[in-house]
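1. Got a predicted model here, sequence first, then my questions.
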Amino acid sequence: DAGVIQSPRHEVTEMGQEVTLRCKPISGHNSLFWYRQTMMRGLELLIYFNNNVPIDDSGMPEDRFSAKMPNASFSTLKIQPSEPRDSAVYFCASSLVPGNTEAFFGQGTRLTVV
Amino acid sequence: GESVGLHLPTLSVQEGDNSIINCAYSNSASDYFIWYKQESGKGPQFIIDIRSNMDKRQGQRVTVLLNKTVKHLSLQIAATQPGDSAVYFCAENPQGNTPLVFGKGTRLSVIA
């Protein structure tokens, strides 16, 4: 397996634009996580899905952020409208179950909002 | 004004020496723990894990120690190499099927 695949690797966008980050989890993994990493706050969990269903989105900063998982092999994280403070590295991870086991991370998407 | 970044503890180690990275976890009910390594520009990568019914687990050049009494986790790296330079995170599983909670990380710098 190629591991967790994220795209794009880098994204530069202007404030106010919509940004969509994409993730393909490892085949057979039932849980998918979106994390955000910044110098200020470290690695934060934004939302996680189990069997394609959002379980906990309490980490999503505000209504400008939304995430979907239409099927077991694809998830998106959308920011609309984007703001400079959204600049961060966004990681997607997947695991067999939500906890009690290793989560595998993608390479991340570095987002810069100017 | 300029934002203040997260201050990561930094450990500088001479190549060939042993490294010990420490982590204090928060939840006494946590029953599963992982150490991750994150190199620059990459995602966190699994190193080793341990369950709460153990107090020590060894891998290749790495050992994890768990002290549940004081809620402390440590990662020992033997014969540290330049390729070990990275940020190391501990993560805990606080409750059953809930996501891992990550610590703030420690930067390991290996001096050749």
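-> Cool, the structure landed.
2. Can you name the helix or strand that residue A:46 falls in?
-> Here residue A:46 is covered by strand A:42-50, with elements defined by DSSP states H and E.
3. Now find how far off-centre that strand is within its chain.
-> Strand A:42-50 has its C-alpha centroid displaced from the chain centroid by 7 Å (Cα atoms, centre = their mean, to the nearest Å).
4. what's the answer for stretch B:37-47, then?
-> Relative to the centre of its chain, stretch B:37-47 is centred 11 Å away, using Cα atoms, centre = their mean.
5. if we can go back for a sec, what mean pLDDT would you report for the strand holding residue A:46?
-> Model confidence over strand A:42-50 averages 94 on the pLDDT scale.
6. ditto for stretch B:64-72
-> 95.
7. Not counting that stretch itself, show me its contacts.
-> With Cβ atoms under 8 Å, 6 or more residues apart in numbering or on different chains as the contact definition, stretch B:64-72 has outside contacts at B:22-28, B:33, B:35, B:48-50, B:52, B:54-57, B:73-76. Any C-beta I mention is one placed from the backbone N, CA and C, and that applies to glycine too.
8. again, 7 Å this time
-> The list of residues contacting stretch B:64-72 from outside it, by Cβ atoms under 7 Å, 6 or more residues apart in numbering or on different chains, reads B:22, B:24-25, B:28, B:33, B:35, B:48, B:50, B:52, B:54-57, B:73-75.
9. Please apply the same query to stretch A:11-30.
-> A:1, A:3-7, A:32, A:50-51, A:73-84, A:90, A:92, A:94-97, A:104, A:106, A:109, A:111-114.
10. could you redo the last one with a cut-off of 8 Å?
-> Outside stretch A:11-30, the residues that touch it by Cβ under 8 Å, 6+ apart are A:1, A:3-8, A:32, A:34, A:50-51, A:72-84, A:86, A:90, A:92, A:94-97, A:104, A:106, A:109-114.
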